[in-house]
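Asks: take this sequence and fold it.
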Amino acid sequence: MESGNPHGVSRDDQNVVLSSLEPDQLVEAKKRHIPRRRFKDSELVLLWGLRVYLLFMLAVVAYQVWTAAR
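Replies: Next up is the predicted model:
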């Protein structure tokens, strides 16, 4: 039994069951709610930094296109 599995089913058993399902049954079996991940403060700072960088680079590209079109 795997410690991360609350139902006591081994990964090999899961693979056997998943391989025997019909396509529509497989789609339904794979629909699981995955909760949103909570980010650490350092990860949030990094993500906001990437957003700011993206906006800055979009402005740079827009300026380059504007100056090239003139």
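Asks: CA atoms for contacts and neighbours, from now on please.
Replies: Fine.
Asks: what helix or strand is residue 63 located in?
Replies: Using DSSP states H and E, residue 63 sits within helix 41-69.
Asks: what do you get for residue 34?
Replies: With DSSP H and E as criterion, residue 34 is part of no helix or strand.
Asks: ok, it - how many residues close by?
Replies: Applying other CA atoms under 10 Å, we find 6 residues neighbouring residue 34.
Asks: try residue 28
Replies: 10.
Asks: and if you look at residue 13?
Replies: With other CA under 10 Å as criterion, residue 13 counts 10.
Asks: check the secondary structure at it for me.
Replies: Assigned with DSSP: H, G, I helix; E, B strand; the rest coil, residue 13 falls in the helix class.
Asks: mind checking pLDDT for it?
Replies: Listed pLDDT for residue 13 reads 78.
Asks: check the one 10 residues further on too.
Replies: Reading off the confidence values, residue 23 has pLDDT 75.
Asks: got the contact list for it?
Replies: For residue 23, the contact set (CA atoms under 8 Å, 6 or more residues apart in numbering) is empty.
Asks: break the protein into its domains for me.
Replies: Using automatic domain parsing, the domain parsing of the chain gives 1-32, 36-70.
Asks: rank these by pLDDT, which is bottom?
Replies: domain 1-32 (a mean of 70).
Asks: how many residues are close by residue 56?
Replies: Neighbours of residue 56 (other CA under 10 Å): 12.
Asks: how about residue 18?
Replies: Residue 18, neighbours per other CA under 10 Å, totals 16.
Asks: that one: what secondary structure?
Replies: Under three-state DSSP, residue 18 comes out as helix.
Asks: and it, how far from residue 32?
Replies: Per CA to CA, to the nearest Å, residue 18 is found 14 Å from residue 32.
Asks: repeat that for residue 22.
Replies: Residue 22 sits 18 Å away from residue 32, going by CA to CA.
Asks: higher neighbour count, the two?
Replies: The residue with more neighbours, out of residue 22 and residue 32, is residue 22; 10 against 7, by other CA under 10 Å.
Asks: now that one: phi and psi?
Replies: With angles defined as degrees, to the nearest 10, residue 22 sits at phi -70, psi 160.
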